[in-house]
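> mind looking at a prediction? Sequence and model below.
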Amino acid sequence: MKKVIIILLVLPLLSFTLHKYYVALTEIEYKEDSKSIQMIMNVFMDDIELAINKDHNTNLKIATKNELPSIDEHFYKYLKTHFKVIINKEEKTYKFIGKEYDGDIVYFYLEIENVSLPKSIKIENNVLVDHFPDQQNLVKATVNKKRKSLFLSNNNDKGLLKF
């Protein structure tokens, strides 16, 4: 009887730990002193690797000694296709500054230079949604100490922030 009770108590806990969440966060900040938009996007390493490997028919081998030397090019190509930034109704091209691995997360550092004070930032973000329909992309932006957020998903991958 004790075993049955223990199983009934442990089984629901296991179902929570086996559930996979698909969430990415992008932090956007306008830096007035440099007139630039600085962005940090974090995604789960295994998810972005799967998406790029399938889309580009490659094998990135992220964070291993056999990682592709051209991995940054693959990341940037993927992001340019799936993440767009429109500032004051004008689409902007961002630079890929670099990436950093931390545990099972990869951080992408992006920047848009020569930007006048944003009155609006429109984001189009469908990163990972082709491969993970439950993917959710949270965007947080700060301009002149005003903080706004967007919650984007497969059904709604565009949003406008007004400052």
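Happy to help now that I have it.

> let's verify Met39: helix, strand, or coil?
Here Met39 is recorded as strand under DSSP: H, G, I helix; E, B strand; the rest coil.

> so for it, what's the pLDDT?
As predicted, Met39 sits at a pLDDT of 98.

> what's opposite it in the beta bridge?
Here Met39 shows beta-bridge partners Ile28, Leu110, assigned using DSSP bridges.

> for Asn137, same thing?
Ala24, Leu152.

> what is the burial count for it?
In terms of burial, Asn137 registers 26 neighbours under the definition other Cβ atoms under 10 Å. From N, CA and C alone the C-beta is placed, and that goes for glycine too.

> so which residues of this protein form helices?
2-18, 45-56, 71-82 (DSSP state H).

> where does the protein dip in pLDDT?
Where the chain drops to pLDDT under 70, the residues are 1-19.

> how much space between Asn57 and Lys162?
Distance check for Asn57 against Lys162: by Cβ to Cβ, to the nearest Å, it reads 40 Å.

> between these two, which one's more packed in?
Comparing Asn57 with Lys162 by neighbour count (other Cβ under 10 Å), the higher total belongs to Lys162, at 11 against 7.

> quick one: contacts for that one?
If a contact means Cβ atoms under 8 Å, 6 or more residues apart in numbering, then Lys162 has Lys119, Ser120, Lys148 as its contacts.

> show me what contacts Phe83?
Thr26, Met41, Ile123, Glu124, Asn125, Asn126, Val127.

> this completes my enquiry, with thanks.
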